[in-house]
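Chemist: I need the structure of the sequence given here:
(2 chains)
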Amino acid sequence: MNLTLKIWRQKDAQSKGKMVDYKVTEISEHMSFLEMMDVLNEQLINTGEEPVAFDHDCREGICGMCSMYINGEAHGPDRGVTTCQLHMRMFKDGDTITIEPFRAKAFPVLKDLVVDRGAFDRIQHAGGYISVNTSGNTQDANAIPISKHAADEAMDAATCIGCGACVASCKNSSAMLFVGAKVSQYALLPQGQVEATDRVKNMVAQMDLEGFGNCTNTGACEVECPKGISLENIARMNREFLSANIKG
Amino acid sequence: MSVLDSKVPKGPLKTKWTDYKNHIDLVNPANKRNIDVIVVGTGLAGGSAAATLAELGYNVKTFCYQDSPRRAHSIAAQGGINAAKNYQGDGDSTYRLFYDTVKGGDYRSREANVYRLAEVSANIIDQCVAQGVPFARDYGGLLDNRSFGGVLVSRTFYAKGQTGQQLLLGAYSAMNRQIARGKITPFNRHEMLDVVKVDGKARGIIARNLVTGEIERHSAHAVVIASGGYGNVYFLSTNAMGSNATAAWKIHKKGAFFANPCYTQIHPTCIPRSGDYQSKLTLMSESLRNDGRIWVPKNMDDVMAIREGKKKPTDLSEDERDYYLERRYPAFGNLVPRDVASRAAKERCDAGYGVNATGEAVYLDFASAIERYGKEQAKIHNIANASADKIYELGAAIVKAKYGNLFQMYEKIVDQDPYKTPMMIYPAVHYTMGGVWVDYNLMTTVDGLYCIGEANFSDHGANRLGASALMQGLADGYFVLPYTIGDYLSHEIRTGKIPTDTPEFDAAEKEVTDKIDFFVNNKGSHSVDYYHKKLGKIMWDKCGMSRNAKGLKEAMVEIKALREDFYKNVSVPGAANELNAELEKAGRVADFLELGELFAKDALEREESCGGHFREESVELDGEQEGEAKRNDKEFAFVSAWEYKGEPGDAVLHKEELEFKEIELKQRSYK
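Modeler: Presented below is the predicted three-dimensional model:
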């Protein structure tokens, strides 16, 4: 198929960006979206132009590095996938595809489609861990039975790949689905209980500091999340946050 | 005597590690505050090492090319992690895990290292559970296990099909705690481009800030390389696009010997290639072989009919199918080790029985498992005379619970529903057992320079068993390196801060900037990928699943010629002082173009078949094992450690003889 691409080009964080049109031809429906971008870049290199910078790494939907906003949706039109898992069979011959970076105040653009998601790391530094040293003599892994239900729910929350699609999709640029998922994983497990109060307070404080917006229950984040992280996690975080503040 | 000293402690195998730990020198907490350690790579090995070293009190700097440590490619490991817990009571033990790993590695690993790995494996699970890693559990609330290829017990712990992700997030959380304390300074979007040696010791690195292009100097009392494997030398592999050998190769060029580069793992269950535009291959966890049966049609007519779309695989009766693994290896069946399964698939496809248009695919079929689970569920739920549809529905639900995310991934890529039609799979490059040579302390042949995880050569011999990579990465990082490095650093307490304004740093930085300047100013005619793809094709055709002397000699010549062409005609757009993905790739491919040649040389010298290295000249000619790989213990029971001498083809071989005291060397039989 032949396509027209409208791509955000921006030299660096300081420069002003703009949309630029490109044409690609003979794109196979079996290609992944990023393989289509590879074709474009090879074309640009061969004609002496600068290729489009975009983040990507594992290309199997787990590292969370790829981050494009395609035709107005984070990770494009398919559901439950990241951009690297999006296939060209979702498009048809003659389509015009708009490709932008994830946009949020807390995710500044570094170049073209590459954004800085360091804010997510800093939220995790604030409390995304259980304080246990590597001693090799913690208690036996089976010493505390955990109900399958709780373990599975914790796993569902822990599935988050930290890509930032939730933030990019939210009209308020809220990071609550991301933070909620991490808070929930630990809140659901006995190992996480000891520090639960401090954790939720510190992580929420950092989230606010980074300039993410508030949640107004639109639910766009849940729809666009490539890993199906549920809104329940936001509710759980709110509950944890409230009880942490009541406890003091 | 060899220049290689493995430094394996004396004494009985079972007490070596404990005795060693009891007698090493320690660094007192006050002195640890004055010692800096650099860790390059933040996957399972690097992340866990960085966190543990920081907990101990050292000042740690971590480097990764991704935008966050959490994205290292360990995250993509699916199936699980082995540990000798014997929770299933099926006869597992430290000894058995040790034995399976040595045997699985085709008797080309160091006994003492492997025993230590098996010994600390149980601690890993305890540690990860304490960190909040949500492993799969059974209804009693205890940890669940699954079995994996090449073994007869269930010792694999897992978190759905995302075990690597969960373990890495565990290590990342441990890092976060230390970052918050100021004990780890993370340098994300940074790439190490050389190591700096002062008086023969590793004292720092030169790194490039991948956003600004700035070249930085970082000093430390010890440098740890945990940068993963070199599978991308094949261009197409299951590695991440950015996975590279640069850190490992640069230290090789500065004196660290490189061991067994020819030991590569070609994983049997990957999604077949679909076209020339393909940028990477996707692995489907080996755990699928627990329930999937592998087959191709028995008759060539059916193969043709399927390729032409006239027949569907489900049209073929049981009699018309060749379950070739079950036929050839009745004892292990579909659960033979990876190298055996991959070669068997290649054998059938080379014979013309491949089931897709490229002729490079076999079926992995879940119909029997769905039926078996369905009947079991019908019984559990007291459904008498359940219909075939009901049985299918019940069975499919169990298969979905076990492998749902893998099935979904397959469907998204191939656009076929694996619940209804068998998956198509073909082997792909997945893991490299070879790597930087290290002694028992995980130190390379350069003082103060360590190498851990997939980047080193140590524990898997010539073939790695499933669910062992995660085990080794975390064992090295959490439980081995933090002890062994202390013994070295105990002699550094009086050294003081290492300055970076020295001639050694000047020289290393100049070498790095000269190379970068060359790339951005060389206005050639071909992209970096053009060369990478050509290299990949040589590697796959001549250093792939089976190798012979003629092909390997040709590969050496061709790679050298390609490298010379690369330096004449490569084109790198953009500038040095900006985010420039092509420039990053150029440096990595330049290193692969050298490593590939050493790889072929190593494969040529090893005139035996062992593990992932199959030499067509070395096969069993008769008897029950006819056609199987033939190892030559008399002449090749050694580690090949290569010393760099200016050109990869001129590398000098040093042999570390492997002694087997606990395990008798036998032919691996999975029949």
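
Chemist: and residue B:207, that's in a helix?
Modeler: No. Looking at residue B:207 with DSSP: H, G, I helix; E, B strand; the rest coil, it is strand, so not inside a helix.

Chemist: I'd say it and residue B:195 touch.
Modeler: No. If you go by C-beta atoms under 8 Å, residue B:207 and residue B:195 don't touch, sitting 10.5 Å apart. All C-beta atoms are positioned from the backbone trio N, CA, C, and that covers glycine.

Chemist: so for these two, which sits in the more crowded spot?
Modeler: Using other C-beta atoms under 10 Å in any protein chain shown, the more surrounded residue of residue B:207 and residue B:195 is residue B:195, with 27 against 24.

Chemist: what about that one, distance to residue B:656?
Modeler: 22 Å (C-beta to C-beta, to the nearest Å).

Chemist: strands of chain A, residue ranges please.
Modeler: All strands of chain A, identified by DSSP state E, fall at A:3-9, A:18-24, A:68-70, A:73-74, A:96-101, A:109-111, A:114-115.

Chemist: between the second one and strand A:96-101, how many degrees?
Modeler: Taking axes from the mean of the first three to the mean of the last three C-alpha atoms, to 10 degrees, one finds that strand A:18-24 is oriented at 130 degrees with respect to strand A:96-101.

Chemist: give the burial count for the nearest residue to residue A:190 once chain neighbours are set aside, as a bare number.
Modeler: Nearest residue to residue A:190 in three dimensions, chain neighbours excluded: residue A:144, at 5.5 Å (C-beta to C-beta, 6 or more residues apart in numbering or on different chains). For residue A:144, the neighbour count with other C-beta under 10 Å is 14.

Chemist: against residue A:189, how distant is residue A:144?
Modeler: 9 Å.

Chemist: residue ranges with poor pLDDT in the chain?
Modeler: Going with chain A. For chain A, residues meeting the criterion pLDDT under 70 lie at A:248.

Chemist: wrong chain, I was asking about chain B
Modeler: Counting by pLDDT under 70, the low-confidence segments of chain B come to B:1-2, B:150.

Chemist: residues near the residue in chain B that chain A sits nearest to, how many?
Modeler: Closest to chain A within chain B is residue B:141: 3.0 Å, counting by C-beta to the nearest C-beta. By the criterion of other C-beta under 10 Å, residue B:141 has 15 neighbours.

Chemist: excluding its backbone neighbours, what's nearest it?
Modeler: With C-beta to C-beta, 6+ apart as the criterion, residue B:141 has its nearest non-adjacent residue at 3.0 Å, and that residue is residue A:145.

Chemist: now do that neighbour against residue B:274, distance only.
Modeler: Taking C-beta to C-beta, one finds residue A:145 at 45 Å from residue B:274.

Chemist: try residue B:478
Modeler: 39 Å.

Chemist: do the same with residue B:57
Modeler: 51 Å.

Chemist: again, but for residue B:508
Modeler: Taken as C-beta to C-beta, the span from residue B:508 to residue B:274 is 43 Å.

Chemist: these two: which has the busier surroundings?
Modeler: Counted by other C-beta under 10 Å, residue B:508 and residue B:274 do not tie: residue B:508 has more neighbours, with 24 against 16.

Chemist: ok, the more buried one - contacts?
Modeler: B:194-196, B:206 (C-beta atoms under 8 Å, 6 or more residues apart in numbering or on different chains).

Chemist: may I see the buried residues of stretch B:422-433?
Modeler: Neighbour-count burial for stretch B:422-433 flags B:422-433 (criterion: 16 or more other C-beta atoms under 10 Å in any protein chain shown).

Chemist: does that stretch reach chain A?
Modeler: No. Applying C-beta under 8 Å from any C-beta of the partner chain, one finds stretch B:422-433 out of contact with chain A, separated by at least 11.9 Å.

Chemist: which residues does stretch B:630-644 contact?
Modeler: B:4, B:106-108, B:110, B:252-253, B:255, B:257-261, B:437, B:445, B:457, B:598, B:601-602, B:605-610, B:618-620, B:651-658, B:660, B:665, B:667.

Chemist: thank you, goodbye.
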